[in-house]
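Q: would you be able to build a 3D model of this:
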Amino acid sequence: MSRYIPEEIIRDIKARADIYEVISSYIPLKKLGNRWKALCPFHQEKTPSFTVSPERQAYHCFGCGKGGNVFTFIMEKENVDFVNAAHILASRYGIIIPENSSKNLTDEDKKKLNQREQLYTLHKELASSYTNMLFSPKGIAGLTYLKQRGISENIIKDFMLGFAPESWDFAINEAKNYGYSEEILVTSGIAVDKQNSKRIYDRFRNRIMFPIWNEQGKIVAFSGRTIEAEPMGGKYVNSPETPIFKKGNILYALPISRDGIRKHQFAILCEGQIDVIAMHRAEFNNAVAPQGTAFTDEQAKLLKRYTNKVYICFDGDTAGIKATFKALNILLINNIEVKIIELPKGSDPDSIFTQKGKDGLGEYVTAAQDFLDFSIKELSKKYNLNSPFEKNQILHKLLEIISKIENTIVKTTYISLVAQHLKLPEKTVLQEFNKGKKQTYYQNIPVPKEFEFEQKNKKIKEKIDPAVAVAEETLLELSIINEEIPRRLEEELPIEMISDTPIGKALNLAISLTLNDERENIHSELGMLLNEYPDSDLSRILSLPMKISSNYDFDKSVSECIKAIISVKLNEEINKLMTDIKQTQDINKKREITKKITLLRKEIIQLKHN
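A: Predicted coordinates:
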């Protein structure tokens, strides 16, 4: 991933990534005046102290002190650095961060970057070639197969489906015509290097081609499904992992399902591409699938960026049930609410859609059950609830699942529900749960790492006099509210007297923006300052606007703040001179320093009387 992102891209992300929309996708927010409040996602609390200000695009927790803008929120929640946070937000809002934007790269870095760019463009161009082939006379077998399955041309277009003909060198020849070398073809996985031979051949032959997108919407791989009734090889052939494709980090169709996930407020997790397409055909355009691997923790974190609720829809056979439980555990560890879409044994979303249409498939989605109900039903097929010993086994299987939940309220609620379902005293179930926490299977639960804040160009906050700190905070708040304040400060408060703290820098920025007639950008620009200086005091000021009464005396308040700052600075200068006078033996220098001290003291007296 590129470690440098152009400033204009950062600003574009900041402009489009609304802080309310982003944060509300992680936690529920409650309206309070022109702000929103919630229980802080960064520490345990019972009374909401986490505040979000859409107007100023900032958040602040008055409990733990954490605060910032949309970038710092993603950094905290996803445990990533600024660059990764920017990529996450860019992906969410469809903003492309160019791969070739890196600066100060070594020759080896440039070589790798060039290779990645070639791989991206190669996959994009070959996807077009596969689609053209599908609609050509040589692709009639593939198109017939899709039409027989009821897949329309609109779906083919939306999912960019294509066809690889029964040929050993179709893709190779297409790629060579585009100007790609055999080396890059083998690296991409499009071509296979035949052992003990200098020849290469196409990996995908006589297959429907599914382009695989990364989170940013770039094609990074392919999955090919055979059209043969009894294929010699597997039903699916997938691209191998490459410099741009890590299958455990990819969710099929995520870029075209993001809006649907937000609209439905949940995601449907299917097993494969055809199932995802069936869901989209049934107007559930919020479906995605793992790509060529079992569901992973990375994929759960990917989903978490868009929703807090996931419906699992895997096949109803033994393998599907096993995969459902594995995915369920991973999702719970990531604090995602889980429901299960239970399909008849031997069925999948595609077969149900084919037999019953969108309403039939929709009934199964609507009937999705809570993971606990599903778990009890499945465990009851294996264990006898009438046997005290086997009921105990069911209990501990359920508690093992519930132990994955981090939130205390949710966890306690499920413990109570288990007691009700199994007709056991809640106290007994709770005792078993607490006893079980000492067992190995509880101790091995993966726990998300606590976020260790990595601040680029981090500086130790300068220690300043408390009076100056209060004065600068007040002046910053007033400067945001009233544009006349920065103009006055430019005349009456020397810039060298403003501290180098984040608050001081914000105050200087507010003055500069006002003087340059760029005041309409003040909230955005001050919010951007939090990227470089994620300061708790600054986030508090930006997230909680100052309350001003109708009779508030702006002039008096500003004057007192200016006096406080100048007075402290003059006293600091006097103290410095007093130290100097003690250290010098030169009579003339002593007189000169004494004279300066006298003048500074007169300035302080004059300040008090003004």
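Q: all helices of the stretch 101-250 of the chain, in order?
A: 107-134, 140-148, 153-158, 170-177, 182-188 (DSSP state H, counting those that start in this stretch).
Q: in terms of mean pLDDT, which of these ranks lowest?
A: Comparing mean pLDDT across the helices of the stretch 101-250 of the chain, the weakest is helix 107-134, with a mean of 87.
Q: export the helices of the stretch 101-250 of the chain as a markdown table, with columns for mean neighbour count and distance to H280.
A: Where C-beta positions appear, they are placed from N, C-alpha and C, glycine not excepted. Shown next, in a markdown table, are these (neighbours: other CB atoms under 10 Å; distance: least, CB to CB, whole Å):
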| stretch | mean neighbour count | distance to H280 |
| --- | --- | --- |
| helix 107-134 | 17 | 18 |
| helix 140-148 | 16 | 14 |
| helix 153-158 | 14 | 7 |
| helix 170-177 | 18 | 27 |
| helix 182-188 | 18 | 27 |
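Q: which stretch among the ones you listed comes nearest L424?
A: Minimum separation from L424 across those (CB to CB) falls at helix 153-158, 49.3 Å.
Q: show me the shaky parts of the stretch 351-500 of the chain.
A: 436-463 (pLDDT under 70).
Q: swap in 50 and give it another go.
A: Scanning the stretch 351-500 of the chain for pLDDT under 50 picks out 438-461.
Q: can you give me the strands in it?
A: 369-370 (DSSP state E, counting those that start in this stretch).
Q: just the helices in it please.
A: According to DSSP H, counting those that start in this stretch, the helices that the stretch 351-500 of the chain contains are 371-382, 388-402, 408-422, 426-436, 440-443, 466-481, 484-492.
Q: hmm, back to that, tell me which of the helices of the stretch 101-250 of the chain sits nearest to R487.
A: helix 107-134 (46.9 Å).
Q: buried residues of stretch 61-73, list them for me.
A: Neighbour counts over stretch 61-73 (16 or more other CB atoms under 10 Å) mark 61-63, 65-73 as buried.
Q: what about that stretch, how long is it end to end?
A: One end of stretch 61-73 sits 11 Å from the other (CA to CA, to the nearest Å).
Q: average pLDDT for that stretch?
A: Stretch 61-73 comes out at a mean pLDDT of 90.
Q: now swap in stretch 280-298 and tell me
A: 91.
Q: can you get me the start-to-end distance on it?
A: With CA to CA, one end of stretch 280-298 sits 24 Å from the other.
Q: what do you get for stretch 188-204?
A: Per CA to CA, stretch 188-204 runs 12 Å from first to last residue.
Q: what of stretch 375-388?
A: Across stretch 375-388, first to last residue, CA to CA, it's 18 Å.
Q: one step back: want to throw the helices of the stretch 101-250 of the chain into CSV with distance to R519?
A: Formatted as CSV, the helices of the stretch 101-250 of the chain follow (distance: least, CB to CB, whole Å):
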stretch, distance to R519
helix 107-134, 40
helix 140-148, 57
helix 153-158, 44
helix 170-177, 53
helix 182-188, 51
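Q: closest to R262 out of those helices?
A: Between R262 and these, the shortest gap by CB to CB is with helix 153-158, which sits at 17.6 Å.
Q: in terms of secondary structure, what does that closest one contact?
A: helix 273-281 (3 or more CB pairs under 8 Å, 6 or more residues apart in numbering; DSSP states H and E).
Q: next SSE downstream of the helix it packs on?
A: strand 287-290 (DSSP states H and E).
Q: buried residues, that following strand. List them.
A: 287-290.
Q: among the residues you listed, which one sits closest to L303?
A: V288 (7.4 Å).
Q: tell me how far the helix or strand where K263 lies lies from the chain's centre.
A: In the assignment (DSSP H and E), K263 maps to helix 254-264. With CA atoms, centre = their mean, to the nearest Å as the basis, helix 254-264 stands 15 Å off its chain's centre.
Q: now do it and helix 273-281, the angle between them.
A: 40 degrees (axes from the mean of the first three to the mean of the last three CA atoms, to 10 degrees).
Q: quick one: list the elements packing against helix 254-264.
A: Packed against helix 254-264 by the contact rule (3+ CB pairs under 8 Å, 6+ apart) you find strand 207-213, strand 287-290.
Q: I'd like the mean pLDDT over it, please.
A: For helix 254-264, the mean pLDDT works out to 88.
Q: mind listing what's buried along it?
A: 254-258, 260-262, 264.
Q: same list, these, but as JSON lines with distance to Y552 please.
A: Below are these laid out as JSON lines (distance: CB to CB, whole Å):
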{"residue": "L254", "distance to Y552": "50"}
{"residue": "P255", "distance to Y552": "50"}
{"residue": "I256", "distance to Y552": "52"}
{"residue": "S257", "distance to Y552": "50"}
{"residue": "R258", "distance to Y552": "45"}
{"residue": "G260", "distance to Y552": "48"}
{"residue": "I261", "distance to Y552": "46"}
{"residue": "R262", "distance to Y552": "41"}
{"residue": "H264", "distance to Y552": "47"}
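Q: in these, find the pair that's most separated.
A: Largest pairwise distance in these, by CB to CB, is 16.3 Å, between P255 and H264.
Q: that older thread, which one of the helices and strands packed on helix 254-264 lies closest to K505?
A: strand 207-213 (40.2 Å).
Q: quick one: mean pLDDT for the closest one?
A: For strand 207-213, mean pLDDT is 96.
Q: which residues touch P28?
A: A38 (CB atoms under 8 Å, 6 or more residues apart in numbering).
Q: that older thread, can I get the helices and strands packed on helix 254-264 in JSON lines with distance to I574?
A: Formatted as JSON lines, those follow (distance: least, CB to CB, whole Å):
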{"stretch": "strand 207-213", "distance to I574": "66"}
{"stretch": "strand 287-290", "distance to I574": "67"}
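Q: ok, which of these comes nearest E406?
A: Here strand 287-290 is closest among those (CB to CB), at 22.9 Å.
Q: and the closest one, which strands flank it?
A: strand 251-252 (antiparallel), strand 267-270 (parallel) (DSSP bridges).
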